[in-house]
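[1] After the sequence you'll find the predicted model.
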Amino acid sequence: MSFTPSTPVTGAAVAGLTSPTYTLAPDVAPSSNGKQYAVSAVGGTQTNVDVHTVSKPFTISFFRPANLRILPAANINSGLVKDVPVNSYKLITRKGAMPASGQVNVVARITTIIDVPAGTETFEPEDIRALVSAHFGVGWAQASGIADTLVSGIL
């Protein structure tokens with residue numbers, strides 16, 4: 001299945017938010033190799049959290065490489081592939097926020113880049129699935145701690 005998040009999305013447990021949910025509306029991605037969704041409503045208790053607007057974006061985008069690369073033939077003498085190409089995917093979440101009273105909104109951004117060596121998606125897809133599972137599992141489990149670190153600067 002491709003990137004098609006169901007809506008509403010249940011947010012991870014984060015201090016200060018109670019049962020957060022995010023309703024997603026299909027949006028136009030900035031490039032043809034991506035999909036984008038705008039947060040059109042929030043649920044649970046999220047005091048002062050704004051939904052997507054032009055001047056204060058709240059979007060989630062996923063991009064695949066514009067040109068997917070494949071594994072080249074192995075060296076005829078050694079049997080090895082010298083330079084394995086990489087397909088880079090990106091998951092980007094943007095949220096507009098005001099840095100201080102009376103200031104212009106700025107965009108906070110989380111970018112996860114997933115580099116998949118060509119061929120691994122065919123030869124060992126279970127390892128690619130484990131990579132994604134572990135990464136987002138830790139992100140889910142540590143969401144509150146990550147948010148606290150971003151706010152306090154304490155690791």
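    Now that the structure is in, tell me what you want to look at.
[2] what's near enough to touch the residue nearest to the spatial centre of the chain?
    In the chain, the centroid-proximal residue (CA atoms, centre = their mean) is residue 91; its distance is 2.9 Å. By CB atoms under 8 Å, 6 or more residues apart in numbering, the contact list for residue 91 reads 60-62, 111-112, 114. In short, each C-beta sits where N, CA and C put it, glycine included.
[3] 6 Å instead?
    Neighbour list for residue 91: 62, 112 [criterion: CB atoms under 6 Å, 6 or more residues apart in numbering].
[4] Reduced to three states, what does it come out as?
    strand (DSSP: H, G, I helix; E, B strand; the rest coil).
[5] roughly how far apart are it and residue 122?
    Going from residue 91 to residue 122 by CB to CB, to the nearest Å gives 22 Å.
[6] buried ones in the top helix by length along the chain?
    Secondary structure assigned by DSSP state H gives helix 125-141 as the longest helix of the chain. Buried residues in helix 125-141, counting neighbours by 16 or more other CB atoms under 10 Å, are found at residue 128.
[7] same question, stretch 141-154
    Per 16+ other CB under 10 Å, stretch 141-154 contains these buried residues: 143, 146-148.
[8] Which ones among the residues you listed lie within helices?
    The members of the buried residues of stretch 141-154 that map onto helices under DSSP H are 143, 146-148.
[9] from these, which is closest to residue 54?
    residue 147 (25.7 Å; CB to CB).
[10] just checking, that closest one touches residue 14?
    Yes. Using CB atoms under 6 Å, residue 147 makes contact with residue 14 at a distance of 4.8 Å.
[11] Dump the ones in helices among the buried residues of stretch 141-154 to CSV, plus pLDDT and distance to residue 51.
    Shown next, in CSV, are those (pLDDT from 0 to 100; distance: CB to CB, whole Å):
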residue, pLDDT, distance to residue 51
143, 93, 20
146, 92, 22
147, 93, 19
148, 92, 24
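[12] Distance from the chain centre to stretch 76-94, please.
    Centroid separation between stretch 76-94 and its chain, computed with CA atoms, centre = their mean, to the nearest Å, is 20 Å.
[13] Could you export that stretch as CSV, CA atoms only?
    The C-alpha trace of stretch 76-94 is given here as CSV (Å, rounded to 0.1, in the frame of the first residue of the first chain):
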residue,chain,number,x,y,z
ILE,A,76,32.2,-9.4,-14.3
ASN,A,77,35.5,-10.3,-12.6
SER,A,78,34.8,-9.8,-8.9
GLY,A,79,31.1,-10.4,-8.9
LEU,A,80,30.7,-7.3,-6.7
VAL,A,81,28.7,-4.1,-7.3
LYS,A,82,31.1,-1.3,-6.8
ASP,A,83,28.8,1.6,-6.2
VAL,A,84,25.3,0.7,-5.0
PRO,A,85,22.9,3.6,-5.8
VAL,A,86,20.5,4.9,-3.2
ASN,A,87,16.8,5.9,-3.4
SER,A,88,16.1,8.6,-1.0
TYR,A,89,12.5,9.1,0.4
LYS,A,90,11.4,12.0,2.6
LEU,A,91,8.7,12.4,5.1
ILE,A,92,8.3,16.1,6.0
THR,A,93,6.0,17.6,8.6
ARG,A,94,5.6,21.4,8.7
